[in-house]
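Visitor: no FASTA, just this:
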């Protein structure tokens, strides 16, 4: 009886004694689960941070791109505005130069007319004046200067300056019958109005 009893006791003891390797495995498994959960949590928070940083950088990129577009548009407008201002300044300078030259043209016209009415005038002198006058007129034409039509035209206050007025039934209403001084226009800009006599 004692032998069997001891044998049973040993079996009971073996059953009751925990296996250290099993305990280690369960403990290790629990630790691994905790570490995995902690690692997943860290990865999730890291991903959120990266997404937030990416969104912030994307917003900054959009702001910089919009700023670049605005700057490019402003610069383009500046170039166009500057080009227009330069062109306007150029034509203003041309207009002032032409206006300063017009009295010379007037004097040439008067001299040629006087030479035509004076038989004592040397023909070669007259031809020389006409040649210089034509060159001067050609130079003005090359600049875009044109004479304003007057005689026979209807009076236009935008183009003509009426200094005399007559009543004559042989002419139509507001008809220019005489021109005292020629008017000139440059690129649709009036350089000088024509001085005229208007009928009716």
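Guide: Received it, and whenever you're ready, just let me know what you need. As the structure is a prediction and not an experimental result, all values here were calculated from the model. Numbering: from 1, shown residues only.

Visitor: center of this protein, which residue is that?
Guide: residue 77 (2.6 Å; C-alpha atoms, centre = their mean).

Visitor: From residue 172, how far out is it?
Guide: Going from residue 77 to residue 172 by C-beta to C-beta, to the nearest Å gives 50 Å. (Each C-beta comes from the backbone N, C-alpha and C, glycine too.)

Visitor: now residue 96
Guide: Distance of residue 96 to residue 172, given as C-beta to C-beta: 36 Å.

Visitor: now do residue 164
Guide: Counting by C-beta to C-beta - residue 164 and residue 172 are separated by 17 Å.

Visitor: My read is that residue 148 contacts residue 161, right?
Guide: No. Applying C-beta atoms under 8 Å as the test, residue 148 and residue 161 come out as separate, 10.4 Å apart.

Visitor: quick one: which of those two has more around it?
Guide: Neighbours were counted for residue 148 and for residue 161 using other C-beta atoms under 10 Å; residue 148 has more, 20 against 14.

Visitor: Find the nearest non-adjacent residue to the more buried one, please.
Guide: Nearest non-adjacent residue to residue 148, counting by C-beta to C-beta, 6 or more residues apart in numbering: residue 183, 3.7 Å away.

Visitor: residues contacting that neighbour?
Guide: Contacts for residue 183 (C-beta atoms under 8 Å, 6 or more residues apart in numbering) come out as 147-148, 150, 159-161, 190-195.

Visitor: Give the buried residues for whichever strand or helix holds residue 161.
Guide: Assigned by DSSP states H and E, residue 161 falls within strand 160-166. Of the residues in strand 160-166, residue 160 count as buried by neighbour count, 16 or more other C-beta atoms under 10 Å.

Visitor: which residues are contacting whichever helix or strand comes after it?
Guide: The helix or strand immediately downstream of strand 160-166 is strand 175-181, counting by DSSP H and E. When contacts are defined by C-beta under 8 Å, 6+ apart, strand 175-181 is touched by residues 106, 150-155, 160, 163-164, 166, 168, 171, 192, 194-200.

Visitor: Tell me the gap between the helix or strand hosting residue 111 and the middle of its chain.
Guide: Here residue 111, judged by DSSP H and E, is contained in helix 20-117. Centroid displacement of helix 20-117 relative to its chain, using C-alpha atoms, centre = their mean, to the nearest Å, is 14 Å.
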